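Using only what follows, build the 3D model:
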Amino acid sequence: MEQFKSNNNVVFDCKYHVIFCPKYRKKVLVGSIEEDLKRLLHEKAEALRVEIIEMEVMPDHVHLCLSCDPQFGIHRVMKHLKGYTSHALRKTHPVLLKMPSLWTNSYFVATVGGAPLAVLKQYIQNQKNV
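Residues are numbered from 1 along each chain as shown. So this is what the prediction gives:
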């Protein structure tokens, strides 16, 4: 049986596969930047009451499988995650200040439903092995 979530008005099960990239697809998400990014994404997701189901950080892009309240919306989740991580990472990693901004304005998002969740999770987990 699926785990449903609820707020005061809605019972939901909304899962999304999201991919976003650094500006100019620069390969800057490595080493301590990668570690800090993962920690910051989990911190902000918890504050937003968003569940990160799976995450993989590649040098030039990030894969997330997440669940969020449909009334808050995936667009607002992404705005908060990207804004928070950009601000925090650029503060602690001066090398990122050479870029005009950390993230591109765009991102990919798809609802998880066409493929079983286990398949998507395995796909994200295996990104570094491709």
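
Quick check: which ranges of the protein have low pLDDT?
Within the chain, the set of residues satisfying pLDDT under 70 comprises 1-2, 114-115, 130.

the strands in it, which residues?
Ranges of strands within the chain are 5-6, 11-12, 15-20, 51-58, 61-67, 108-111, based on DSSP state E.

for Leu29, what are its contacts?
Counting by Cβ atoms under 8 Å, 6 or more residues apart in numbering, Leu29 touches 22, 37, 57-62. In short, each C-beta sits where N, CA and C put it, glycine included.

quick one on the thing from earlier: quick one, which of the strands of the chain is packed in tightest?
Mean neighbour count (mean count of other Cβ atoms under 10 Å) peaks for strand 61-67 among those, with a mean of 21.

how far off strand 51-58 does that strand point, in degrees?
Here strand 61-67 points in a direction 170 degrees away from that of strand 51-58 (axes from the mean of the first three to the mean of the last three Cα atoms, to 10 degrees).

I would like the residues contacting strand 61-67, please.
5, 13-22, 25, 29, 37, 41, 45, 50-57, 77, 112, 117, 120-121, 124, 127.

same question, stretch 122-130
Taking Cβ under 8 Å, 6+ apart as the criterion, the residues outside stretch 122-130 that touch it are 17, 54-56, 58, 63-65, 115.

Quickly list what Phe108 is bridged to.
Here Phe108 sits in beta bridges with Ile19, as judged by DSSP bridges.

Kind regards, and thank you for your time.
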